[in-house]
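Participant: Turn this into a model:
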Amino acid sequence: ELINTLAQAKVTSNEVSARVAQAEATEREIDDTREQYRPVACRASLLFFAISELAAVDPMYQYSLGWFLALFIKAIEEAPKADTIAERGQLLNQHFTYSLYVNVCRSLFECHKLLFSFILTMKILQHAGEIDAAEWRFLLAGPVGGSSSSSKESEDGSKTAKGKAGTVVNPAPDWLTEKSWSELLGLAELPNYKGLAQHVADNLQHYKDIFDSNQAHAMPLAEPFENRLTRFQKLLVLRCLRPDRVLAGVQEFVAIQLGHGFIEPPPFDLAACFKESTAATPLVFVLSPGADPMADLLKLADELKFSRKFEKVSLGQGQGPKAEKLLEQGMERGLWVCLQNCHLAISWMPTLERIVENIQPDKVHRDFRLWLTSMPSPAFPVSILQNGVKMTLEPPAGLKANMMRQYNRFTDQYMAASTKPLEWRRLLFGLCLFHAVVQDRRKFGPLGWNIRYDFTDGDLSVSLAQLQEYLDSYETPPFRVLQFLFTEINYGGRVTDDKDRRLINTLITNFCGSPVLEEGYAFSPSETYKVPGCETVAQFREVIG
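Facilitator: Residues are numbered from 1 along each chain as shown. Below you'll find the predicted structure:
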């Protein structure tokens with residue numbers, strides 16, 4: 001019996017040893033497989049810290065780790081499959097990086113979207129060891145120290161700048177400013193730019209052509225620096241010669257590194273944002289001057305049959321108790337509650353934060369939604385910003401983005417709403433392009449408008465309603481009447497400068513007149529922008545895109 005017991009114990013011991021060995025092998029296999037996904041984990045951590053730094057740009061740019069992880073898990077599910085782990089990891093990185101860009105971009109103001117793309121690019125390249133810290137610092141702050149920035153008058157009257165190797169004379173003071181030359185000397189002190197100052201002096205005509213060019217960011221440097229420097233390093237030379245073209249250079253740099261999708265922010269899509277919300281997730285509109293989200297919000301409520309279950313309160317002095325009562329009713333009955341201008345009720349914000357934190361999804365009506373609008377404010381509750389669905393509302397940057405935003409709002413029924421569908425579609429396109437032009441001119445400062453006017457989508461909506469009414473009421477469109485309504489009342493009601501008024505009255509003749517109805521009419525001498533012969537919204541979007 002003892003012998004049998006010992007034999008059985010030995011068999012059991014062998015089985016246990018085999019299982020332990022198998023478990024260890026499985027654990028090693030899991031560790032090896034997990035290690036192959038480390039690049040994905042590294043990329044995700046880089047991206048999280050990139051969005052965390054955005055709070056220094058604007059206090060409304062707040063993102064929680066929980067929101068980030070939910071987005072990451074969603075990307076894992078949606079990313080394309082692959083045969084190998086290495087390929088799968090690469091696809092995951094590409095998909096998640098773009099998904100994060102799209103989701104964060106909708107909560108950024110237009111002026112910060114390229115900055116965000118550039119931050120993402122630099123984080124990725126810095127982790128790959130492709131960016132020198134001194135060069136990155138130079139791009140951000142310029143030359144450091146007094147050796148390259150001090151200048152004095154030489155004996156013959158020409159200005160000189162001191163470098164470490166002695167005094168070097170500005171070779172072309174007639175077009176190369178002392179500041180630019182001083183920065184070139186400072187740049188030449190970095191290891192990868194040795195001899196740059198003398199190189200510029202030896203190739204003056206080539207660099208004068210770059211200095212005079214409207215496309216300075218796209219022009220090559222003279223050899224050997226053209227092939228010696230990377231695209232990022234060339235940005236530093238551009239910073240010295242043409243700092244006004246650095247933005248265009250950064251845009252091209254991001255497009256090459258990450259793709260064109262990272263310099264073309266997606267159009268505003270309120271319906272997509274709504275799908276990501278829940279009864280416990282507020283939707284926050286971050287406003288800019290002149291912006292009003294109510295038209296888009298009411299349209300969405302109408303499409304989803306919530307027009308009769310939509311309530312709003314404009315916050316201000318004494319409106320807190322009213323808003324609190326409305327929120328209680330909304331949670332019980334499944335209403336959409338919109339609290340406008342939260343930045344005007346700073347003292348009530350802690351109460352709002354408490355109410356939102358105490359929302360329990362299983363005890364609140366599933367149709368309940370909380371919509372908030374606010375100008376950027378450090379007093380706005382951070383917890384709501386981190387966990388809510390944030391959207392910025394302001395005119396898109398560029399004609400293409402502006403036109404795409406308008407046509408994303410239109411439907412095929414709206415395109416065929418007039419009794420004169422051909423004329424309606426062509427004049428609708430012209431008026432939308434006019435709206436995009438008057439808004440986009442603001443970025444050129446006094447060259448665009450003497451005074452910066454806050455033209456809004458409301459101006460376009462009223463103008464389109466008038467256009468449709470007059471088009472249906474008259475056999476021949478009364479263009480002079482329409483032009484007067486648009487430029488003297490709708491848009492012109494904001495225009496106070498006499499030169500700006502003359503400009504807008506001249507502009508409207510190109511976009512709303514009898515020539516627009518002609519086949520192949522071009523809005524500009526370059527014929528880049530023509531009236532498309534499209535019939536459906538999808539066709540118009542394809543032409544615009």
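
Participant: Packing partners of the host helix or strand of residue 72?
Facilitator: Take DSSP states H and E as the rule and residue 72 turns out to sit in helix 65-78. For helix 65-78, the packing partners by 3 or more C-beta pairs under 8 Å, 6 or more residues apart in numbering; DSSP states H and E come out as helix 38-52, helix 85-105, helix 382-387. Where C-beta positions appear, they are placed from N, C-alpha and C, glycine not excepted.

Participant: what sits up against the longest one?
Facilitator: By C-beta atoms under 8 Å, 6 or more residues apart in numbering, the list of residues contacting helix 85-105 from outside reads 33, 36-37, 39-40, 43-44, 47, 51, 54, 63, 68, 71-72, 74-76, 78-82, 113, 116-117, 120, 124, 258-259, 261-262, 265-266.

Participant: in that helix, what's buried?
Facilitator: Of all the residues in helix 85-105, those buried under the rule 16 or more other C-beta atoms under 10 Å are 88-90, 92-94, 96-105.

Participant: residue ranges of the strands in the protein, please?
Facilitator: Taking DSSP state E as the test, the strands found in the chain are 151-153, 159-163, 166-169, 283-287, 310-314, 336-340, 369-374, 389-393.

Participant: now for these, which one comes closest to residue 349?
Facilitator: With C-beta to C-beta as the criterion, residue 349 lies closest to strand 369-374 of the strands of the chain, at 9.3 Å.

Participant: pLDDT of the closest one, averaged?
Facilitator: For strand 369-374, the per-residue pLDDT values average out at 93.

Participant: Can you list the strands that that strand pairs with?
Facilitator: Paired with strand 369-374 in the same sheet, following DSSP bridges, are strand 283-287 (parallel), strand 336-340 (parallel).

Participant: Redo those as TSV? Include distance to residue 326, mean neighbour count and mean pLDDT.
Facilitator: Written out in TSV, the entries for these read as follows (distance: least, C-beta to C-beta, whole Å; neighbours: other C-beta atoms under 10 Å; pLDDT from 0 to 100):
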stretch	distance to residue 326	mean neighbour count	mean pLDDT
strand 283-287	16	24	91
strand 336-340	6	23	92
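
Participant: how about low-confidence regions in the stretch 351-500 of the chain?
Facilitator: For the stretch 351-500 of the chain, not a single residue meets the criterion pLDDT under 70.

Participant: Could you point out the longest helix of the protein?
Facilitator: Secondary structure of the chain per DSSP state H: the longest helix is helix 2-36.

Participant: re earlier: nearest to residue 299, out of the strands of the chain?
Facilitator: That would be strand 310-314 among the strands of the chain, by C-beta to C-beta, at 11.2 Å.

Participant: what distance separates the closest one from the centre of its chain?
Facilitator: The chain centre lies 29 Å from the centre of strand 310-314; the measure is C-alpha atoms, centre = their mean, to the nearest Å.

Participant: List the buried residues in that strand.
Facilitator: Judged by neighbour count using 16+ other C-beta under 10 Å, the buried positions of strand 310-314 are 310-313.

Participant: what about the helices in the stretch 301-450 of the chain?
Facilitator: 320-333, 349-357, 382-387, 399-409, 412-415, 421-440 (DSSP state H, counting those that start in this stretch).

Participant: ranking the ones you listed by burial, who's on top?
Facilitator: Counting by mean count of other C-beta atoms under 10 Å, helix 421-440 has the highest mean neighbour count of the helices of the stretch 301-450 of the chain, with a mean of 21.

Participant: other SSEs contacting that one?
Facilitator: With contacts defined as 3+ C-beta pairs under 8 Å, 6+ apart, helix 421-440 has these neighbours: helix 399-409, helix 412-415, helix 457-473, helix 498-511.

Participant: rerun that using 7 Å as the cut-off
Facilitator: If contacts are counted by 3 or more C-beta pairs under 7 Å, 6 or more residues apart in numbering; DSSP states H and E, helix 421-440 sits against helix 399-409, helix 457-473, helix 498-511.

Participant: Need the CA coordinates for it. CSV is fine.
Facilitator: Taking only C-alpha atoms (Å, rounded to 0.1, in the frame of the first residue of the first chain), the coordinates of helix 421-440 have been written out as CSV:
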residue,chain,number,x,y,z
PRO,A,421,-34.3,74.5,-58.6
LEU,A,422,-31.5,75.3,-61.1
GLU,A,423,-31.3,79.0,-60.2
TRP,A,424,-31.7,78.2,-56.5
ARG,A,425,-28.8,75.7,-56.4
ARG,A,426,-26.5,78.1,-58.3
LEU,A,427,-27.4,81.2,-56.2
LEU,A,428,-27.2,79.1,-53.0
PHE,A,429,-23.7,78.0,-53.9
GLY,A,430,-22.7,81.6,-54.7
LEU,A,431,-24.2,83.0,-51.4
CYS,A,432,-22.4,80.3,-49.4
LEU,A,433,-19.1,81.1,-51.1
PHE,A,434,-19.8,84.9,-50.4
HIS,A,435,-20.3,84.0,-46.7
ALA,A,436,-17.1,82.1,-46.6
VAL,A,437,-15.1,84.9,-48.3
VAL,A,438,-16.3,87.7,-46.0
GLN,A,439,-15.5,85.5,-43.0
ASP,A,440,-12.1,84.4,-44.3
